[in-house]
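1. Here is the input, now give the coordinates:
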Amino acid sequence: MTGLNGRSVIVTGAGSGIGRAAALAFAAQGDRIVVADLNAASAEAVVKEIEQAGGAAVAVTGDLSEQAVVDRVARTAVERFGGVDVLVNNAGIMDRMSALADVSDAEWERVIRVNLTAPFLLTRAVLPHMLAAGRGAIVNTASEAGLRGSAAGAAYTASKHGVVGLTKSLAVMYRKQGIRANAICPGGTATAIAVDAEEGAHGPAALAPHFANLGRVSRPEEQAAAIVFLASEAASNINGAILPVDDGWSAV
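-> Residues are numbered from 1 along each chain as shown. The predicted model follows:
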């Protein structure tokens, strides 16, 4: 363990991928972590990993698109670690790369609920604690699909554009109260998120040519490093930033 930050940090989707890497990175500098994930076994495994390294963590499992789960995550951070200093809204799901005409109601509603509504609900739940403390850092995981229309299907693209807008609104609304909100936009990243695209569908076929400029696929730890930086005092004057972490994909 290095450093003695001791902050209370919530990381969603922390059982695997970028979320796991972020939880471990925060813990390595002395922060205390609420590991929030849908998968109980994965969340507990990350908690165990943190504790074996000398850190402090607790798992909260459940679907973050449900208000009761959101309330339990926020309450756990306050009761176990005394408040909420950092919120990382990272949990998300992929769509089927569906073009708009092919998006079912179920696909649209689930992707929007998990990728956009859940961050809204959890941010709303922790804001009173941050406002009472007069400080706080929020880092959202958006996506290349929040910057362009050629990186995913209609539902995922709309959800991540929404995350970008939510981040900017937070930054403007609460900067005078000591709260910062920023987002990363990962490019291709080696995680367990899979795309269940329908074979022969219009969306995947239309998008395929645009992935030629994807660039190098990143490691989750590279995305986590950007998250930890944006939540740190080193980024104290960075607010409302939408940071591509994509090997230059957004510059093409």
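2. At which residues are the strands of this protein located?
-> With DSSP state E as the criterion, the chain has strands at 8-12, 32-37, 56-61, 86-89, 136-141, 179-186, 242-245.
3. Turn these into a markdown table, including distance to Arg80 and mean neighbour count.
-> Just so you know, the C-beta spots here come from the backbone N, C-alpha and C atoms, and that holds for glycine as well. Output for these, formatted as a markdown table (distance: least, CB to CB, whole Å; neighbours: other CB atoms under 10 Å):
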| stretch | distance to Arg80 | mean neighbour count |
| --- | --- | --- |
| strand 8-12 | 8 | 28 |
| strand 32-37 | 7 | 28 |
| strand 56-61 | 5 | 21 |
| strand 86-89 | 14 | 30 |
| strand 136-141 | 17 | 27 |
| strand 179-186 | 21 | 26 |
| strand 242-245 | 30 | 20 |
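4. Phe120 is nearest to which of the ones you listed?
-> Minimum separation from Phe120 across the strands of the chain (CB to CB) falls at strand 86-89, 8.8 Å.
5. which other residues reach the closest one?
-> 7-12, 19, 22, 26, 31, 118-119, 122-123, 126, 136-141, 163, 227, 231 (CB atoms under 8 Å, 6 or more residues apart in numbering).
6. rerun that using 6 Å as the cut-off
-> 7, 9-12, 22, 119, 126, 137-140, 227, 231 (CB atoms under 6 Å, 6 or more residues apart in numbering).
7. Output the lowest mean pLDDT helix or strand found in this protein.
-> helix 202-207 (a mean of 90; mean pLDDT, DSSP states H and E).
8. packing partners for it?
-> On a contact count with 3 or more CB pairs under 6 Å, 6 or more residues apart in numbering; DSSP states H and E, helix 202-207 meets no helix or strand.
9. In terms of pLDDT, where does the residue most central in space within the chain sit?
-> Taking CA atoms, centre = their mean, the centroid of the chain lies closest to Asn90, which sits 1.5 Å from it. Asn90 is assigned a predicted lDDT (pLDDT) of 98.
10. Surely it and Thr141 touch.
-> Yes. Using CB atoms under 6 Å, Asn90 is in contact with Thr141, at 4.3 Å.
11. circling back: nearest to Ala101, out of the strands of the chain?
-> Of these, nearest to Ala101 by CB to CB is strand 179-186, at 26.3 Å.
12. how about the nearest residue to Gly19, chain neighbours excluded?
-> Nearest non-adjacent residue to Gly19, counting by CB to CB, 6 or more residues apart in numbering: Gly13, 3.7 Å away.
13. Val126 now?
-> Per CB to CB, 6+ apart, closest to Val126 is Val84, 4.4 Å.
14. Poorly predicted segments of the stretch 151-252 of the chain, please.
-> Applying pLDDT under 70 to the stretch 151-252 of the chain flags the ranges 194.
15. hmm, try it at 80
-> 192-200 (pLDDT under 80).
16. At which residues are the helices of it located?
-> Under the criterion DSSP state H, counting those that start in this stretch, the stretch 151-252 of the chain contains helices at 154-174, 202-207, 220-230.
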